[in-house]
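Asks: below is the sequence, then the predicted model.
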Amino acid sequence: MSTVKANPVAAVQKERSMELQKQMIAAHYDALSEAHERGRKVVYTFVPGNLTELMRAFEVLPVLPEINALQSGMRKLSGDYITEAEKYGHSEDVCTYVKCDIGMLKKGNIGPTGKKLPNPDLLLLSYTGCFTFMKWFELLRQEYGCPVAMLHVPYQSDGVIQPHHLDYIVKQLQTEVIPKLEGVTGRRFDQERLRETLRLSARAEDDLVWVLESAKNIPSPIDAYFGGVYYIGPMFSTFRGTPEGVEYYRALRSEVAERLHLGLGPVLPEGRIEHERYRLVIEGPPNWTSFREFWKMFYEESAVIVASTYTKVGGLYDRGFRHDPARPLETLAEYCMGCYTNLGLPTRVRLLEQYIRDYRADGFMINSVKSCNSFSVGQLLMLRQLEERTGVPGGFIESDLVDPRYFSAANIKNRIESYLQMIDQRRETQSQA
Ligand code: SF4
């Protein structure tokens, strides 16, 4: 039973970073809608292992199908898109990001801001750990008939990046990816321009890490999962290597620093958490179709998420990686190797264990999403191993990314409440010991 409520009276002031992000996204989709009239090229690519700095060096505009899918989920459009894709024979078991994207395409390819997305001039497939990425772009190639540049990134099965892994990726950048980008854009590769974008990325990355690590404080000034997905947005999508990206993360950092200074908790859709009661780590992506409702189930109980693995799908900056302008192609290779989807199970467990300890978490929760095998496989094993290693209790809930048929609110709420009661009982037992 909930005893502490978020304060619904204190209206949330839109912070400058939120406004900036909104403007940046709107400007990006505007640029996309008129890209071809203005002679700009468009490249579709994925979030994990995205080569944004390289694309920026060629002045192309990126489109990320996963971002479109999750935006469709948040705007309650994904259900129709998924049904549409299923009419074309895509089975119920296929990743719902894929079906949402295909359905959106079949219904006119209208992007999140209501403007039509341009067709791709190139599909840039950085293959980082998830087989579905390949199948997804095979489907898009059939639809658009455009060229594909494939970058094969070796799986980090034992958690170590070897020099030969990096050589293998750099060679593909030199012989496959860069020539294809040169062919599509008619521009020569400019290494100095790439270095400049990498320099800008590293500055923004420093600020993002500072923000994520602010959750080590008690109380945490951020929610590193539900709030975190907004914080990683510009970094994981199209704004690395841009002055706008640098400005966004500078603004975000100063807002979080202010909250920290005042001892305030995270900004919520309604009010603030007055007393942080539970500090949790979450593994797995969020549900997007009922995102607000899902978040509310936690903040109504004054539970704050202090670290999450989902906010690492586009790079593990908090483990020290920074894009390095001194080694322009090697740094891109290293980045691709280190994305969360490219990590083996033992490395994922170690990472979560560190988060639980470093962020002084009371427990961890796994949100097992039905359609993403890349995340879900092995999660029950992770649960057991983490409980053994850390001694804190784990919780398990199930939902989906963007398929509204797989979000059972009552069921999930029940599980969260019982899980938090378990933490209470544990505290009581410990205080009596
Ligand atoms: S299965 Fe998971 S990682 Fe792969 S494309 Fe779908 S959501 Fe992304």
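Replies: Thanks, I have the structure now.
Asks: what does the stretch 201-350 of the chain put close to the ligand?
Replies: residue 341 (CB under 6 Å from any ligand atom). In short, each C-beta sits where N, CA and C put it, glycine included.
Asks: now the strands for the stretch 201-350 of the chain?
Replies: With strands called from DSSP state E, counting those that start in this stretch, the stretch 201-350 of the chain shows them at 278-283, 303-308.
Asks: which positions within the helix or strand harbouring residue 104 qualify as buried?
Replies: Residue 104 belongs to helix 96-106 when assigned by DSSP states H and E. Across helix 96-106, burial judged by 16 or more other CB atoms under 10 Å covers 96-105.
Asks: can you lay out the strands of the stretch 201-350 of the chain as JSON lines showing distance to residue 240, mean neighbour count and mean pLDDT?
Replies: Output for these, formatted as JSON lines (distance: least, CB to CB, whole Å; neighbours: other CB atoms under 10 Å; pLDDT from 0 to 100):
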{"stretch": "strand 278-283", "distance to residue 240": "24", "mean neighbour count": "26", "mean pLDDT": "98"}
{"stretch": "strand 303-308", "distance to residue 240": "20", "mean neighbour count": "29", "mean pLDDT": "98"}
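Asks: to residue 408, which of those lies closest?
Replies: With CB to CB as the criterion, residue 408 lies closest to strand 278-283 of these, at 18.1 Å.
Asks: helices of the stretch 151-300 of the chain, residue ranges please.
Replies: Using DSSP state H, counting those that start in this stretch, the helices of the stretch 151-300 of the chain run over 163-172, 178-185, 191-213, 228-236, 243-262, 291-299.
Asks: which of the ones you listed sits most buried?
Replies: helix 228-236 (a mean of 22; mean count of other CB atoms under 10 Å).
Asks: between that one and strand 303-308, how many degrees?
Replies: 30 degrees (axes from the mean of the first three to the mean of the last three CA atoms, to 10 degrees).
Asks: for helix 228-236, packing partners?
Replies: Packing partners of helix 228-236 (3 or more CB pairs under 8 Å, 6 or more residues apart in numbering; DSSP states H and E): helix 16-33, helix 191-213, helix 243-262.
Asks: how far out from the middle of the chain is that helix?
Replies: 7 Å (CA atoms, centre = their mean, to the nearest Å).
Asks: which residues touch that helix?
Replies: Residues from elsewhere that reach helix 228-236, judged by CB atoms under 8 Å, 6 or more residues apart in numbering: 18, 21, 24-25, 47, 50, 204-205, 208, 211-212, 222, 240, 244-245, 248-249, 252, 286, 305, 308, 310-311, 313-315, 317.
Asks: quick one on the thing from earlier: from the buried residues of helix 96-106, which are also near the ligand?
Replies: Okay, of these touching the ligand (CB under 6 Å from any ligand atom), that's residue 97.
Asks: which of the buried residues of helix 96-106 lies closest to the ligand?
Replies: residue 97 (4.6 Å; CB to the nearest ligand atom).
Asks: the nearest residue to the closest one once chain neighbours are set aside and residue 239: what is the separation?
Replies: Leaving out its chain neighbours, the residue that sits closest to residue 97 by CB to CB, 6 or more residues apart in numbering is residue 69, at 4.2 Å. Using CB to CB, to the nearest Å, residue 69 is found at 19 Å from residue 239.
Asks: so the residue nearest to residue 97 sits in a strand?
Replies: No. Residue 69: not assigned to a strand; according to DSSP: H, G, I helix; E, B strand; the rest coil it is helix.
Asks: quick one: contacts for it?
Replies: Residue 69 neighbours (CB under 8 Å, 6+ apart): 78, 96-98, 100-101, 104, 401-402.
Asks: for the host helix or strand of residue 431, which positions count as buried?
Replies: For residue 431, the element it lies in under DSSP H and E is helix 409-432. Buried positions in helix 409-432, judged by neighbour count with 16+ other CB under 10 Å: 412-413, 415-416, 419-420, 423.
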